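Colleague: have a look; sequence and predicted model below, questions after that.
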Amino acid sequence: MRSSLHGKRATQTALPAIASAVLIPEAPSLASVDRLTGLLDRYGLLDRLAAIDRLTATTLLIVKVDILRFNDVNSGFGYDIGDALLCAAAARLSTLPALAVARTDGNVFALAFEIDDPSFAGAMVDNVVDLMKPRFLLPGASLTVQFAAGFATDCVSGDPLQLVRQAGAALQRSKGTACHEPRAFAAADEREARNRLRLAGELQTAISNQELLFHYQPQFDLGTGDLVGAEGLLRWNHPTFGLQPPSRFIGIAEETGIILDIGAWGLRTLATLAARINCDRRVPIRFAFNASVLEFTQRDMARFVAQIIDETGCRADWLTLELTENLMIDEPAHIRAAFAELRFLGVGLSIDDFGTGYSNLRYLENFPMSEIKIDRSFVHGVAHSAAKRVIVETIVKLGAALDIRVVAEGIETETERAIMRTLGCSIGQGYLFAQPMDESEFHTLLDRGLILREGWSARRLLTQLDGNCA
């Protein structure tokens with residue numbers, strides 16, 4: 001019962017001929033079949049792998065594939081569409097010449113292949129990924145879906161469970177990369193998987209142990225130099241690993257649901273700080289905070305924010321929720337309603353990393369946004385790119401026409417600041433002005449009534465102040 005693939009020739013055009021040579025194994029028992037898709041389940045996969053009579057000259061390849069942001073499909077379109085997507089994905093994967101195809105978790109699939117040489121594994125995985133790229137036409141929805149993939153190979157008759165685990169560890173590394181490229185298993189993946197399990201457990205107590213904190217990156221009016229706002233950037237002061245950026249643990253928090261507790265803590269912390277800082281200020285400071293899409297799908301966000309505002313004495317217009325716009329949801333009604341209620345309260349809504357996601361202009365048309373944050377990729381190198389200048393100027397004019405504030409992220413040079421100001425961008429944020437700083441440093445800036453003159457940075461002023469005090 002084996003199928004052999006031959007290096008670079010293992011392309012999609014070659015698959016039909018290969019598939020015709022594959023013998024269909026004996027039907028598994030119902031106890032080992034996934035009821036939704038008809039594929040093997042996790043136990044059925046392990047039983048099938050254990051029963052394979054392998055030749056010593058061949059290599060076993062396990063590929064694991066994950067449908068990214070699958071919870072957004074369920075939340076935005078409904079569980080019936082989510083189930084239809086799973087079945088459609090299963091149908092595509094079943095056309096491959098695999099020894100076994102299984103649904104091992106909610107939105108994770110696993111495939112087993114027998115190949116002639118370990119060097120052929122990459123070509124086989126490319127076939128799997130390419131098969132999943134075309135748009136899924138489902139009853140009531142048409143979706144282009146992103147996938148992550150990880151794989152592992154074994155040249156000897158080793159433990160199938162270990163091989164599946166290794167493919168799963170590689171999958172986690174694929175999910176953690178920006179473009180979610182397929183990843184081969186490496187020994188470091190197992191260490192990373194163990195660390196992720198450890199972090200998930202320790203994250204449960206991070207709030208109660210007061211290990212979470214914010215660093216604040218100031219935002220300045222590019223015309224006057226006044227400090228007008230700050231973005232609260234989450235950090236985890238882990239007792240063993242030290243200060244961890246959000247990229248290290250937010251994904252784990254979303255997978256485990258802890259993100260709801262973290263989001264509640266973060267919003268309450270910022271609202272309390274804003275109320276304390278702005279109580280005597282003539283011109284208040286706005287505080288921005290990244291909100292997870294899960295907070296909008298798992299709780300009544302408008303009511304929750306209103307409750308925190310009432311508890312802390314913070315004014316609604318002192319808070320801005322930043323939302324990444326690379327969502328796969330086609331304007332679900334309940335999220336539109338939540339946005340409208342938040343804006344009615346006076347809470348700001350900002351599109352973070354504008355220009356890098358799915359639905360930029362449609363968001364501006366259909367959602368009551370109060371702010372656009374131009375992604376740093378358009379700011380960096382703007383002095384040497386006419387195209388970037390045109391893009392930035394267009395976004396600024398669009399913001400002005402829609403009465404939406406425009407913030408330029410990632411300003412690192414005086415030239416970039418001057419160009420952003422000339423193009424009409426009102427607010428800037430970036431390392432030219434200040435790196436993210438702790439609360440005490442931020443208070444120092446506020447206490448000194450900082451006005452950022454050309455050629456100066458907040459970090460430089462802080463250093464000078466410390467020197468004068470000494």
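Modeller: Received the coordinates, thanks. Residues are numbered from 1 along each chain as shown.

Colleague: show me where the stretch 51-200 of the chain has its strands.
Modeller: For the stretch 51-200 of the chain, applying DSSP state E, counting those that start in this stretch gives strands covering 59-67, 100-105, 108-115, 136-138, 141-143, 147-154, 183-184.

Colleague: the fifth one - contacts with which helices or strands?
Modeller: It stands for strand 141-143. If you count contacts as 3 or more Cβ pairs under 8 Å, 6 or more residues apart in numbering; DSSP states H and E, strand 141-143 packs onto helix 79-93. Any C-beta I mention is one placed from the backbone N, CA and C, and that applies to glycine too.

Colleague: just checking, what packs against the helix it packs on?
Modeller: When contacts are defined as 3+ Cβ pairs under 8 Å, 6+ apart, helix 79-93 packs onto strand 59-67, helix 70-77, strand 100-105, strand 108-115, helix 121-132, strand 136-138, strand 141-143.

Colleague: tell me what angle the fifth one forms with strand 108-115.
Modeller: For helix 121-132 against strand 108-115, the angle by axes from the mean of the first three to the mean of the last three Cα atoms, to 10 degrees is 140 degrees.

Colleague: where along the stretch 351-470 of the chain do the helices fall?
Modeller: 360-366, 376-379, 386-401, 414-422, 439-447, 458-469 (DSSP state H, counting those that start in this stretch).

Colleague: for the stretch 351-470 of the chain, give me the ranges with low pLDDT.
Modeller: Judged by pLDDT under 70, the stretch 351-470 of the chain has its weakly predicted residues at 355-362, 449-470.

Colleague: again with the chain
Modeller: Counting by pLDDT under 70, the chain has low-confidence residues at 1-31, 54-57, 155-158, 187-190, 192-193, 325-332, 355-362, 449-470.

Colleague: out of the helices and strands packed on helix 79-93, flag the one nearest residue 422.
Modeller: Closest to residue 422 of the helices and strands packed on helix 79-93 is helix 70-77 (Cβ to Cβ; 38.7 Å).

Colleague: helices or strands up against the closest one?
Modeller: Other elements packing on helix 70-77 under the criterion 3+ Cβ pairs under 8 Å, 6+ apart are helix 79-93, helix 293-298.

Colleague: mind checking which of these is nearest residue 104?
Modeller: helix 79-93 (11.8 Å).

Colleague: mind listing what's buried in the closest one?
Modeller: 81-82, 84-86, 88-90, 93 (16 or more other Cβ atoms under 10 Å).

Colleague: out of those, who's nearest residue 132?
Modeller: residue 89 (6.7 Å).

Colleague: before we move on, the earlier item: just send the helices of the stretch 351-470 of the chain back as JSON lines, with mean neighbour count and distance to residue 224 too.
Modeller: Output for those, formatted as JSON lines (neighbours: other Cβ atoms under 10 Å; distance: least, Cβ to Cβ, whole Å):
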{"stretch": "helix 360-366", "mean neighbour count": "14", "distance to residue 224": "27"}
{"stretch": "helix 376-379", "mean neighbour count": "19", "distance to residue 224": "20"}
{"stretch": "helix 386-401", "mean neighbour count": "15", "distance to residue 224": "17"}
{"stretch": "helix 414-422", "mean neighbour count": "17", "distance to residue 224": "11"}
{"stretch": "helix 439-447", "mean neighbour count": "16", "distance to residue 224": "15"}
{"stretch": "helix 458-469", "mean neighbour count": "13", "distance to residue 224": "15"}
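
Colleague: quick one: the ones you listed as JSON lines, columns for distance to residue 104 too.
Modeller: What follows is those, written out as JSON lines (distance: least, Cβ to Cβ, whole Å):
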{"stretch": "helix 360-366", "distance to residue 104": "35"}
{"stretch": "helix 376-379", "distance to residue 104": "36"}
{"stretch": "helix 386-401", "distance to residue 104": "43"}
{"stretch": "helix 414-422", "distance to residue 104": "47"}
{"stretch": "helix 439-447", "distance to residue 104": "44"}
{"stretch": "helix 458-469", "distance to residue 104": "49"}
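
Colleague: which one of these lies closest to residue 174?
Modeller: Short answer: helix 376-379, nearest of these by Cβ to Cβ, at 22.4 Å.

Colleague: by contact count, what packs against that closest one?
Modeller: Contact analysis of helix 376-379 by 3+ Cβ pairs under 8 Å, 6+ apart lists helix 386-401 as its packing neighbours.

Colleague: ok, and what's touching the helix it packs on?
Modeller: Residues outside helix 386-401 that contact it (Cβ atoms under 8 Å, 6 or more residues apart in numbering) are 354-355, 364, 372, 374, 378-379, 381-382, 404-406, 408, 419-420, 423-425.

Colleague: okay, the angle between it and helix 414-422?
Modeller: Using the same axes, to 10 degrees: helix 386-401 against helix 414-422 is 40 degrees.

Colleague: where's helix 386-401 relative to the chain centroid, distance-wise?
Modeller: Distance, stretch centre to chain centre, for helix 386-401: 26 Å (Cα atoms, centre = their mean, to the nearest Å).

Colleague: cool, stretch 137-148 as well?
Modeller: Stretch 137-148 sits 19 Å away from the centroid of its parent chain (Cα atoms, centre = their mean).

Colleague: quick one: end-to-end distance for that stretch.
Modeller: End-to-end span of stretch 137-148 (Cα to Cα, to the nearest Å): 20 Å.

Colleague: please spell out which residues along it are buried.
Modeller: Of all the residues in stretch 137-148, those buried under the rule 16+ other Cβ under 10 Å are 138, 141, 143, 145, 147-148.

Colleague: for the top helix by length along the chain, buried residues please.
Modeller: Of all the segments of type helix in the chain, defined by DSSP state H, the longest one is helix 259-278. Using 16+ other Cβ under 10 Å as the test for burial, helix 259-278 gives 259-271, 273-275, 277-278.

Colleague: out of the helices of the stretch 351-470 of the chain, the one nearest residue 228 is which?
Modeller: Taking these one by one with Cβ to Cβ, helix 439-447 is closest: 11.4 Å.

Colleague: hey, C-alpha coordinates of the closest one in CSV?
Modeller: Extracted in CSV, the C-alpha atoms of helix 439-447 (Å, rounded to 0.1, in the frame of the first residue of the first chain):
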residue,chain,number,x,y,z
GLU,A,439,5.0,54.8,32.6
SER,A,440,7.5,56.8,34.7
GLU,A,441,9.3,58.1,31.6
PHE,A,442,6.0,59.0,30.0
HIS,A,443,5.0,60.9,33.1
THR,A,444,8.3,62.8,32.9
LEU,A,445,7.5,64.0,29.4
LEU,A,446,4.0,65.1,30.5
ASP,A,447,5.3,66.9,33.6
